[in-house]
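# here is the input, now give the coordinates:
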Amino acid sequence: MKEMVGYPEDGGGDLPSTIMAFSEKESATHRIEIRMKEGEETQMFSILAFGVVQ
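Next up, the predicted model:
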């Protein structure tokens, strides 16, 4: 599991973030689950893109 800080205390929340979820030599099927932190489930968020490289 990876945690992202969407609203840092020292700035705005519109900062782009990149996470490499998987880095493997063999291709495979993966499942990515995105959810808000407990207590912040009603906050809105945007996913701008997913990238895949073969």
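# okay, CA-based contacts and neighbour counts for the rest of this
Will do.
# where does this protein dip in pLDDT?
1, 4-18 (pLDDT under 70).
# please, where are all the helices along it?
Taking DSSP state H, the chain contains no helices at all.
# quick check: closest non-adjacent residue to residue 35.
Leaving aside its sequence neighbours, residue 35 sits nearest to residue 41 (C-alpha to C-alpha, 6 or more residues apart in numbering; 7.5 Å).
# please report how far that neighbour lies from residue 34.
As judged by C-alpha to C-alpha, to the nearest Å, residue 41 and residue 34 stand 11 Å apart.
# and residue 24, by the same measure?
21 Å.
# the closest residue to residue 43 other than its chain neighbours: how many residues sit nearby?
Spatial nearest neighbour of residue 43, excluding adjacent residues (C-alpha to C-alpha, 6+ apart): residue 36 at 7.6 Å. By other C-alpha atoms under 10 Å, the residues close to residue 36 number 13.
# let's have the chain start at 21 instead
Happy to do that; since the first residue is 21 now, the last one works out to residue 56.
# so which of residue 44 and residue 54 has more stuff around it?
residue 54 (10 against 7).
# what about the more buried one, distance to residue 47?
Using C-alpha to C-alpha, which is the criterion applied here, residue 54 is 21 Å from residue 47.
# next one: residue 60
In terms of C-alpha to C-alpha, residue 60 sits 34 Å off from residue 47.
# burial of residue 53, as a residue count?
6.
# and it, how far from residue 59?
17 Å.
# now do residue 41
Counting by C-alpha to C-alpha, the gap from residue 41 to residue 59 is 25 Å.
# the more surrounded of those two?
When residue 41 and residue 59 are compared for neighbours, residue 41 comes out ahead with 10 against 7, by other C-alpha under 10 Å.
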